[in-house]
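**Q** Structural data only, the sequence is not supplied:
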């Protein structure tokens, strides 16, 4: 048995009520790069043989870059603060592999279980009631790159009866929050930007990272053989990029808020049983690339009086790319009886929200609020049985059904245009 768990906390923070009167630039950053790798091999030989192998990988805890409540930056007359940047980057790779084998002359069983769970929280934030005045730009960014890979192989052979079992689960589900709290006043002589990004590079292209599982079960016995595999891959992050209620934003340049995610889940499962008399193979395989992605503005974009322009433009984008694929094969062969069944399911059903609510927006340029989704779901399932009496069953479901919302629900005035967009593409 192998078990690895990291639940540590990393913080780069200015505490509540901190004051910065003057500075060229201020940067707070936190970074975590980790590789968690575990392998377990178990075997047994005997008249009655049982082989077991278990490996578990977990990454949790919090990584945070933050300004506390009530911070005051650039508020002293005659003194200035240039740029202010809060940045956070988490890169995590989790890999678990298990191999279990058993060989005997009476009854043999082998079971392998591999689990990877990446669920760390990322927080990039400015607390409530902040007073910030900059001569330059304000930027907040929270970026994650996560890859979970779980592989399980369980094989048993016996002169009489043998059963092989494999279980594998891989989860990529970080909680990413990038936000400015309530009741603040944020003024920038340049631009204001908030960004949450998951498994995408700086250009917006998908990274080669996913939740991936492989399960292989094999059983071979003269009288009876069984093989069973159950695997799950889930890529379901939660992203929230927002500005809290009654906070006022003002920038000479543009204000941009982006929440971008790439969710990929791949699952493969094989159950193969061969016997001289009776053989049964069963496979359950699921891949989900769902998650929730939201960008929203509850505060105001105006000048100090509340009637003039608060920015050159306002762009808010929430975009999720979801890709889920499954392959399942159950094969059973016996002289007299054989049964093989596969139940395979994929879901690419992200929720994507972009909205402005309960506030006042004044810009000299466009206001754009958009929710975007690209989804793909693919499933292949094969249940094959060969015997004098044979039953093969294949159940396959693929769903690509995003939920999108783009809405402006406030007093918004922009030149030349104020618009919302909700667009999705699906395949599979």
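**A** The structure has been received and is ready for your questions. The shown structure was predicted, so the numbers you read here are calculated from the model rather than taken from an experiment.
**Q** Sketch out the low-pLDDT regions of this protein for me.
**A** 410-428 (pLDDT under 70).
**Q** and residue 236, what is it in contact with?
**A** 171, 172, 173, 263, 288, 289, 290, 291 (Cβ atoms under 8 Å, 6 or more residues apart in numbering). Yep, even glycine has a C-beta here, placed from its N, CA and C like the rest.
**Q** Most neighbours among the residues you listed, which one is it?
**A** Sorting the contacts of residue 236 by how many neighbours each has (other Cβ atoms under 10 Å) puts residue 289 first, at 33 neighbours.
**Q** So that one sits against residue 374, correct?
**A** No: Residue 289 lies out of contact with residue 374 (Cβ atoms under 8 Å); the separation is 10.9 Å.
**Q** so what sits against both of these two?
**A** Joint contacts of residue 289 and residue 374 (Cβ under 8 Å, 6+ apart) are residue 322.
**Q** ok, residue 306 - contacts?
**A** Contacts of residue 306 by Cβ under 8 Å, 6+ apart are 300, 360.
**Q** So which of the contacts of residue 236 sit within helices?
**A** Residues of the contacts of residue 236 located in helices (DSSP state H): none.
**Q** Closest one of the residues you listed to residue 330?
**A** For the contacts of residue 236, the residue nearest residue 330 by Cβ to Cβ is residue 288; the value is 21.0 Å.
**Q** Could you report the separation of that closest one from residue 168?
**A** Applying Cβ to Cβ, to the nearest Å, the value for residue 288 to residue 168 is 14 Å.
**Q** just residue 356 next, same as before
**A** The value you get for residue 356 to residue 168, if Cβ to Cβ is used, is 43 Å.
**Q** so how many other residues sit close to the closest residue to residue 125 other than its chain neighbours?
**A** Closest residue to residue 125 apart from its sequence neighbours, by Cβ to Cβ, 6 or more residues apart in numbering: residue 66 at 4.8 Å. Residues lying near residue 66 (other Cβ under 10 Å) number 22.
**Q** Next, the buried residues of the helix or strand where residue 66 lies.
**A** For residue 66, the host element (DSSP states H and E) is strand 62-67. By neighbour count on 16 or more other Cβ atoms under 10 Å, the buried set for strand 62-67 is 63, 64, 65, 66, 67.
**Q** Who are the contact partners of the third one?
**A** Under the criterion of Cβ under 8 Å, 6+ apart, the neighbours of residue 65 are 11-13, 28-30, 86-88, 123-125, 142.
**Q** cool, and residue 204?
**A** Residue 204 touches residue 260, counting by Cβ under 8 Å, 6+ apart.
**Q** mind checking how far it is from residue 198?
**A** Counting by Cβ to Cβ - residue 204 and residue 198 are separated by 12 Å.
**Q** Against which helices or strands is the helix or strand harbouring residue 394 packed?
**A** Using DSSP H and E, residue 394 falls within strand 389-400. Where contact means 3 or more Cβ pairs under 8 Å, 6 or more residues apart in numbering; DSSP states H and E, strand 389-400 is packed against strand 313-334, strand 337-348, strand 367-386.
**Q** Show me the strands paired with the last one, marking each as parallel or antiparallel.
**A** Spelled out, it's strand 367-386. Here strand 367-386 is paired, per DSSP bridges, with strand 313-334 (parallel), strand 418-427 (parallel).
**Q** do you know how far residue 159 is from residue 141?
**A** On the measure of Cβ to Cβ, residue 159 and residue 141 end up 62 Å apart.
**Q** Show me which of these two is the more surrounded one.
**A** The residue with more neighbours, out of residue 159 and residue 141, is residue 141; 20 against 15, by other Cβ under 10 Å.
**Q** ok now do the more buried one, which residues does it touch?
**A** Contacts of residue 141 (Cβ under 8 Å, 6+ apart): 85, 86, 87, 88, 124, 178, 193, 194, 195, 196, 197.
**Q** Please indicate which of those are buried?
**A** For these, buried by 16+ other Cβ under 10 Å: 85, 86, 87, 88, 124, 178, 193, 194, 195, 196, 197.
**Q** wait, doesn't the third one sit right on residue 29?
**A** Yes: applying Cβ under 8 Å, one finds residue 87 in contact with residue 29, separated by 4.3 Å.
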